[in-house]
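> here are the coordinates; sequence isn't available:
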RNA sequence: CGGGGCGUAGCGCAGCCCGGUAGCGCACCUGCAUGGGGUGCAGGGGGUCGUCAGUUCGAAUCUGACCGCCCCGACCA
């Protein structure tokens, strides 16, 4: 490919809207073009990378014994109502009407359709296991697209679905997919962490996320530097500092009121009374599918809304509004679990990890000292709903946990039988007994993988493409192409490289200054750069340099192709 | 949906307060020079000023409504 034939241009300056490195560099290098919020066109260079990533994914999926197929994106709404996922996805579901007024969905994922395909084609345990996959565009009307290709509304995704007769077989499929994922990341030069993850409200047992660590990531994983325990913060279990094991229970003192004028927050309360935050209990109010829930947790901890949502089995969970709280007769800032009866009460076990806590009195400007569970109040449900924090103790080895930000570049689930039961995907076992198939699903975002690869592999000059996913392997730069000798030599090299099957991008611009060309080469970041110039030509050499090397190597012109081949095969 | 910001040439921005010929940089076109890290000089093309309505002799500028985009939060199989 010749740069003079390429449609996209590079930008000299950083696009101001781009906050993350991958977004900024992809715009500057002319890889992507935004069409709407969270909707991007892939320009020719990026598309070459995407196709390489897809090839890697296909190779690993096929090697793991799964088969590719193609599924429709346009699906009837009824399918989504059958499984209840119209409500589960809510406004994230893109929907439309056809000319007859039938409601249709632009599929955000394909479990419903694939399960129906399994139902129609699998009748016997002899047909199992089977793993199917697709690489297709999916649609999700995200509240807020961001960071270029990281969170978008239309995106290519590889989704694989396994159908198994029993748990053991499901575990095998799950492990095969996990290994395929590790292979894919390795080939894309992505050092990912495999983290235990929340499996969502609908069924599911095991679930793991693959996280690429980066400070600009939108996910947080909690990890143990000692034993390697790694989990998404939504899922992670941490033993909080100052919990019961460390502190023997003090003698329970009688409840007493204390005046706390103007004190609203836990921080203010702790400061006012000169006690640690862990010596208080915090009240938080949620609306779970429009039912008010009173949550109590130790003052220094935060509520993990995912855990709470799973516990309550609700579709929509949000903080209650001030009106809802007041209407329920609660006093925000001084709310108390003591004396609450008509409201659903949920608490974290941390409320019994000490004694003689300070809580609200449900009277303005007043709190109570020496509250103790269960002496002074009861709850409907006591369950771990706390957000794990760095500094907590690892549940496996008791080392201190750390927090890492990252981008989710893959997610695998054991779905269980939710879809197969709901949609009737049944099979007969050896004994003629009918069972729902066990299912797993395994997703990887293709565009996000490209963004993650750039996020991980760049420097202050531009992208540093990993060779397997670089749009081209070599950037051939001709300096001063008005010099006929240079032009001839460069053209000849260009021809020879392609003759040897080496994907080469040739900067054949005659008018661009040397600095422009060299900077563009660094920005695009192909693995190897070849420079042909009058200076080199006088000595019958060309210059070869790896993207991350500081010194170029001089190679005799007739040895250049061999040297390129040698370097690329390393 | 809450908070903040922005829509003027392909991109980045000024002009708007104080209404009166639409401007700058990059990019693009022509010519000459230059030729190893975003080079110089000269000339040139390109804009329904987001949309609609209103005020006015006259609106990029004032008023109103709507639309879109970005950032933070909530959300995220």
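Noted; the coordinates are in hand. Keep in mind the model is a prediction, meaning the values are calculated, not measured.

> count of neighbours near the residue lying closest to residue A:380 once chain neighbours are set aside?
Nearest residue to residue A:380, sequence neighbours excluded (C-beta to C-beta, 6 or more residues apart in numbering): residue A:345, at 4.9 Å. In short, each C-beta sits where N, CA and C put it, glycine included. For residue A:345, the count of nearby residues is 19 (other C-beta atoms under 10 Å).

> Do I have it right that residue A:345 meets residue A:378?
Yes. Taking contacts as C-beta atoms under 8 Å, residue A:345 lies within contact range of residue A:378: 7.3 Å.

> who's in contact with residue A:73?
A:106-107, A:136-139 (C-beta atoms under 8 Å, 6 or more residues apart in numbering).

> distance of it from residue A:112?
Look at residue A:73 and residue A:112: by C-beta to C-beta, to the nearest Å, they are 12 Å apart.

> before we move on, the earlier item: report pLDDT for the residue nearest to residue A:380.
With respect to pLDDT, residue A:345 has a value of 79.

> swap in residue A:241?
Residue A:241 is given a pLDDT of 55.

> for residue A:289, same thing?
72.

> Wait, it touches residue A:313, no?
No. Here residue A:289 does not reach residue A:313: they are 9.3 Å apart, not a contact under C-beta under 8 Å.

> These two: which is more packed in?
Between residue A:289 and residue A:313, residue A:289 has the larger neighbour count (other C-beta under 10 Å), namely 13 against 10.

> Tell me the spacing between the residue in the stretch 401-550 of chain A positioned nearest to RNA strand B and residue A:522.
Nearest residue of the stretch 401-550 of chain A to RNA strand B: residue A:515, at 2.4 Å (C-beta to the nearest atom of the strand). For residue A:515, the distance to residue A:522 equals 11 Å [C-beta to C-beta].

> Compare those two (neighbour count), which wins?
For residue A:515 versus residue A:522, neighbours defined as other C-beta under 10 Å are more numerous around residue A:522 (18 against 8).

> Report the mean per-residue pLDDT for stretch A:28-46.
Stretch A:28-46 comes out at a mean pLDDT of 89.

> hmm, that stretch touching RNA strand B?
Yes. Using C-beta under 7 Å from any atom of the strand, stretch A:28-46 reaches RNA strand B at A:34, A:36-38.

> Counting by contacts, list what the helix or strand residue A:370 falls within packs against.
Element membership of residue A:370, judged by DSSP states H and E, is strand A:366-371. Using 3 or more C-beta pairs under 8 Å, 6 or more residues apart in numbering; DSSP states H and E, the elements in contact with strand A:366-371 are strand A:256-259, strand A:357-360.

> Packed most tightly, which of those would that be?
Of all the helices and strands packed on strand A:366-371, strand A:357-360 has the most neighbours on average by mean count of other C-beta atoms under 10 Å, namely a mean of 25.

> re earlier: and residue A:464, which of the helices and strands packed on strand A:366-371 is closest to it?
Closest to residue A:464 of the helices and strands packed on strand A:366-371, according to C-beta to C-beta: strand A:357-360, at 53.2 Å.

> how is chain A carved up into domains?
A:3-191+A:416-454, A:256-382, A:472-568 (automatic domain parsing).

> Going by mean pLDDT, which of these comes out lowest?
domain A:256-382 (a mean of 77).

> For it, measure first residue to last.
Start-to-end span of domain A:256-382 (C-alpha to C-alpha, to the nearest Å) is 25 Å.

> sorry, back to before: between the contacts of residue A:73, which is closest to residue A:172?
Nearest member of those to residue A:172, counting by C-beta to C-beta, is residue A:136, at 25.7 Å.

> re earlier: which stretch among the helices and strands packed on strand A:366-371 comes nearest RNA strand B?
Here strand A:357-360 is closest among the helices and strands packed on strand A:366-371 (C-beta to the nearest atom of the strand), at 23.1 Å.

> Summarise which helices and strands the closest one is packed against.
Strand A:357-360 packs on strand A:281-288, strand A:366-371, going by 3+ C-beta pairs under 8 Å, 6+ apart.

> Report pLDDT for residue A:250.
At residue A:250, pLDDT is 69.

> Pull out the buried residues from stretch A:282-299.
A:282-288, A:292-299 (16 or more other C-beta atoms under 10 Å).

> which ones among those come in contact with RNA strand B?
Within the buried residues of stretch A:282-299, nothing lies near RNA strand B by C-beta under 7 Å from any atom of the strand.

> Can you name the element that comes right after the helix or strand containing residue A:442?
Taking DSSP H and E as the definition, one finds residue A:442 inside strand A:438-445. Moving toward the C-terminus from strand A:438-445, the next helix or strand (DSSP H and E) is helix A:446-456.

> neighbours around residue A:51, how many?
If we define neighbours as other C-beta under 10 Å, then residue A:51 has 14 of them.

> Residue A:253 touches residue A:368, doesn't it?
No. Residue A:253 is not in contact with residue A:368 according to C-beta under 8 Å; the separation is 11.2 Å.
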